[in-house]
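Visitor: model the following, please.
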Amino acid sequence: MIYRYGLYRDPARGWIAGVAAGLGERFGVSAGVIRIVFVLMALTGTPVLAGILYAVLAVLMPAKPLLIDAYPYRRGYRREY
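Guide: Numbering: from 1, shown residues only. Next comes the predicted model:
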């Protein structure tokens, strides 16, 4: 993956802003694990910290760019009539 070492949020795979999906991809774990960590943080007495941390990450982390093929008809793949 091109963006392996960057820290991006992934709105295409995320539920709210894609923060958990981006963190999961960056650290090589499932996005569900990151979501569980946020929920456990919220339930164990630090809901404000979990909410603020998620909001700050959603604002500061850039969205993962979409990779779109600019040349869908490359030589050899297009049918000639």
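Visitor: ok, Ala31 - contacts?
Guide: Arg13, Gly14, Ala20, Ala21, Leu23, Gly24, Glu25 (C-beta atoms under 8 Å, 6 or more residues apart in numbering). For the C-beta atoms, the positions are set from N, CA and C on the backbone; glycine is no exception.
Visitor: how much space separates the closest residue to Ser30 other than its chain neighbours from Gly45?
Guide: Spatial nearest neighbour of Ser30, excluding adjacent residues (C-beta to C-beta, 6 or more residues apart in numbering): Gly24 at 5.6 Å. Noted for Gly24: a distance of 24 Å to Gly45, by C-beta to C-beta, to the nearest Å.
Visitor: also Ile36?
Guide: Counting by C-beta to C-beta - Ile36 and Gly45 are separated by 16 Å.
Visitor: ok, back up a step: which one's more surrounded, Gly24 and Gly45?
Guide: For the pair Gly24 and Gly45, the greater number of neighbours falls to Gly24 (19 against 9), based on other C-beta atoms under 10 Å.
Visitor: residue contacts, that one?
Guide: Ser30, Ala31, Gly32, Val33, Ile34.
Visitor: distance to Ala55 added to these, as JSON lines?
Guide: Shown next, in JSON lines, are the contacts of Gly24 (distance: C-beta to C-beta, whole Å):
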{"residue": "Ser30", "distance to Ala55": "22"}
{"residue": "Ala31", "distance to Ala55": "18"}
{"residue": "Gly32", "distance to Ala55": "20"}
{"residue": "Val33", "distance to Ala55": "20"}
{"residue": "Ile34", "distance to Ala55": "15"}
